[in-house]
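Asker: next come a sequence and a model predicted from it.
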Amino acid sequence: MTRPLKKPFKSDSQTALPKKKVRLLSGGNPQIAKEDGDGPVQEFIAAMPGWKSDLGRRLDGLIVSNAPNVHKAVRWNSPFYGVEGQGWIVSFHVLTRYVKLNFFSGALLRPVPPGAGKDKNARWIDVYEKDELDEAQIADWVKQAAAIPGWKP
């Protein structure tokens, strides 16, 4: 008896994004269900309002090209990027006037990203529409973050 062949795995790049309207939460943050893979992250980025969508594509590209074998997911209505065995290293979140790029172990990065709060390890930068994105600095931070332990919930 021959076993039926399993359906071929559809890679993230082959997965079509749904054509549904995404609900925007407070500040314009897209509400995307918790899910692993590039597809949900691309759905999130496509739903980011206005100039933020282009910024999301740029950030996604910088992260992917500077963190080898990065794993993507949507968690808590934000794209998360992690490294196998090390945890989550970076995420971003849409707010009314800016996008927050958060490094979970940012206190260990050099130079340390400027944003700080209650979590002694996390550091971030807020990117506003008129800001010039320092892609070289972000790439360097992503490389550093990919080489150190991240956040494991």
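Answerer: Good, I have the coordinates.
Asker: could you check how far A73 is from A147?
Answerer: Per Cβ to Cβ, to the nearest Å, A73 is found 20 Å from A147. No exception for glycine: its C-beta is placed from N, CA and C like everyone else's.
Asker: so where do the helices sit in this structure?
Answerer: For the chain, the helices defined by DSSP state H occupy 38-47, 51-66, 135-146.
Asker: give me the neighbour count for Y128.
Answerer: Neighbourhood size, Y128 [other Cβ atoms under 10 Å]: 11.
Asker: whoops, N69 was the one
Answerer: For N69, using other Cβ under 10 Å, the count is 9.
Asker: mind listing what it touches?
Answerer: Taking Cβ atoms under 8 Å, 6 or more residues apart in numbering, we find N69 in contact with V83, E84.
Asker: where are the low-confidence patches of this structure?
Answerer: 1-20 (pLDDT under 70).
Asker: what about the strands in this protein?
Answerer: For the chain, applying DSSP state E gives strands covering 35-36, 71-75, 78-83, 87-94, 98-103, 123-128.
Asker: other SSEs contacting the second one?
Answerer: Strand 71-75 makes packing contacts with strand 35-36, helix 38-47, strand 78-83 when contacts are defined by 3 or more Cβ pairs under 8 Å, 6 or more residues apart in numbering; DSSP states H and E.
Asker: which residues touch that strand?
Answerer: With contact meaning Cβ under 8 Å, 6+ apart, strand 71-75 is reached by 12, 32-38, 40-41, 43-44, 79-84, 88, 91.
Asker: same check on the third one?
Answerer: Outside strand 78-83, the residues within contact range by Cβ under 8 Å, 6+ apart are 29, 41, 44-45, 56, 60, 63-64, 67, 69-74, 88-93, 146, 150.
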